[in-house]
Every structure is written in C-alpha cells, then in structure tokens.
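[1] Sharing a model prediction with you, sequence too.
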Amino acid sequence: MSQSNPSNPSSQAMQSNPSVQSRQGKVWFVTGASRGFGTLIVRAALQRGDRVIATARNPQQVIDAFGDQPKLLAVKLDVTREEDAVEAVRQGVARFGRIDVLVNNAGFGVLGAVEETSVAEAKANFDTNVFGLLAVSRAVLPQMRSQRSGHVINISSLGGYSAYYGWGVYGASKFAVEGLTEAMSQELAPLGIHATVVEPGFFRTDFLNDNSLVSTDAIIADYAETVGQMRVFAKGANHAQPGDPAKLATAMLQLVDSARPPLRLPLGSDAVARIEAKHQAVEAELAAWRELAMSTDHADVVR
C-alpha cells in the first residue's frame, strides 16, 4: 500500500478542502484497538467507510482482526511510551493526511480497597489510564491544532463520575480523566476542537477478565463485607453485564457526527441511574450543610 506525505500538494488539498474530507470520511486514531471497545469502534468506523489509525501494543492482532485494507493502518503503540505515540501519529498523518477523531481508549482496571492497593499497583494504573492518555493527546493535538478541527474522546467510566468501593484507585484514574477532559474542552474550543468524556456503565466486554482487570495482591479481611463482596460480584457479573458493546460503538459514530457534541456522555441505563442518584445525594448533602459552607466567607463579602 502506498504511503502519502502530508507535505505533498495532494495531502495539503485534502486537509484544506472540506468536500474532499467528506467524500473520504473521517480519520480516526484509536488506542487499545486490539480488543474490547477499541476493536468495536474500529470496526464501526471502517464499515461506514472511515479511515482508521488503529494502535495496539501488538498491531498484528489488529491486522488479524480486520485484514490488510487500504483504509486501515495498524501501528504499534504502548501508551506509556510517549515516543511510540509521536511515531504513531507521524505514520498516521503520513498515510491519511489528517486526524479527525482521537479515541483515548487504552486502559485497565484495578480491583481492591484503597488501603490494599500498593504504590506499584496504583502507579501502573495511572501510567496507562492517565499519563498514557496525556502522552497520546500531546502527540495528536498539534495535528488537530494545525487543522483547526478535531474531536478528542476520552473513555472514562461510570466509576469516574461516581466512586465505588473496591474501585477507588481505578476510579481515581478515571476521575482524573474527567477533570482533564473538562479543562481540555475549554482550552480547545476556541481552536475548533471538541473534547468529550464518555462514561460507560457495565458493558458485556472482557473488562472483568484477568487480562483487563488486576486484583490487588493484598487482601485485608476487614474489607470482606465491602470490597470482598465486590470481588464476588465481579466474578459473577463477567459477561452478564447489561450494556451491549456493539450499541456503544454505534453511539460513538453518532457522537463524532454531532455538530455540538456534549462534554460528558454516559452510556448505559445503569450509568444514567447512578449519575442521577449521585446528583440527588449531592443536592441533599449541600442543602444540609449549606449554612456552614456559606459561613466561611470574610465578613465584607456581599452575597
């Protein structure tokens, strides 16, 4: 397959001519594309004629899944290696001339109480889920800024909006993704770039498998009624979750086609229900403690 050079006149025309872009479809850059949501998003984008830079630690797995086709570029990317991200973007832009959608999907879970989670376990989780996302974003955003267009989609979790016992460190990594995306949306909007954080509930993927979920080495008996029960639940819920991953992939297409995409997009009835419950709890707690909260201003503050 021939490789195009972004400095060629044909590539420059493709970047500056919206009609050419619309005929050829969007260009996606997807991390963690070898399994789970990543594979489904890649498939959905390719099936409708878009082009995809599909990245994975082992890109051969992507080729095995989709074959060698002109609208797909499988690239090696370990998100914890920033140099990998820079090289993957270079190859992608050389091939397709632009990047319209970045899906920061790569990540994994840690199941255990906050106290049970070691420094090494927490650091490994943040290295992928947070610092990896930052590395890839830093590699892609210069291209989007030069285009004055693009859409950054960061895959968070329902646990990134409402914490669960047993998922404290994993949830904290996704809370970080939520905050980063909120700031990015404000920073990038004047440049014509959107940012959305997607908050899936429990979907029927391999997320609860051993290759996606790490359980802490330490287990403290005092947490048996909380975290211990969550471990039992996780085993029983694997591949019985309510969310349909194929429908999530379809929802992603609708998201990227929106002229006014949301900052946050929860997916799944369980996500919507838990977010609504959290809002109610926060409102009630704020009302109960409002007087004390407001009492800490200086006396000269006029409210």
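    Looks like it arrived, so ask away.

[2] Check the contact between Phe131 and Arg81; I expect there is one.
    No - applying Cβ atoms under 8 Å as the test, Phe131 and Arg81 come out as separate, 10.7 Å apart. All C-beta atoms are positioned from the backbone trio N, CA, C, and that covers glycine.

[3] With adjacent residues omitted, what lies nearest to Leu267?
    Pro200 (4.8 Å; Cβ to Cβ, 6 or more residues apart in numbering).

[4] Let me see the backbone angles for that neighbour.
    phi -70, psi 140 (degrees, to the nearest 10).

[5] and what of Lys26?
    Note on Lys26: its backbone torsions stand at phi -80, psi 160 [degrees, to the nearest 10].

[6] if I pick it, what's in contact with it?
    Residues near Lys26 by Cβ atoms under 8 Å, 6 or more residues apart in numbering: Ala45, Asp50, Arg51, Asp100, Val101, Val256.

[7] Name the residues of the biggest helix by length in the chain that come out as buried.
    Identified as the longest helix of the chain according to DSSP state H is helix 269-294. For helix 269-294, burial by neighbour count (16 or more other Cβ atoms under 10 Å) applies to Asp270, Ala271, Arg274, Ile275.

[8] Same question for stretch 257-271.
    Within stretch 257-271, judged by 16+ other Cβ under 10 Å, the buried ones are Pro261, Arg264, Leu265, Pro266, Leu267, Gly268, Asp270, Ala271.

[9] swap in stretch 78-87?
    So for stretch 78-87, counting by 16+ other Cβ under 10 Å, buried means Asp78, Val79, Glu82, Asp84, Ala85, Val86.

[10] from those, which single one is nearest Ala176?
    Val79 (14.5 Å; Cβ to Cβ).

[11] Would you agree His151 falls within a strand?
    Yes - per DSSP: H, G, I helix; E, B strand; the rest coil, His151 lies within a strand segment.

[12] beta partners of it?
    With beta bridges defined as DSSP bridges, His151 has these partners: Val101, His194.

[13] Next up, the contacts around it.
    His151 touches Asp100, Val101, Leu102, Ile193, His194, Ala195, Thr196, Val256, Pro261, counting by Cβ under 8 Å, 6+ apart.

[14] returning to what we had before: mean confidence score for the longest helix of the chain?
    Averaged over helix 269-294, pLDDT sits at 95.

[15] Then stretch 202-217?
    Here the average pLDDT along stretch 202-217 is 69.
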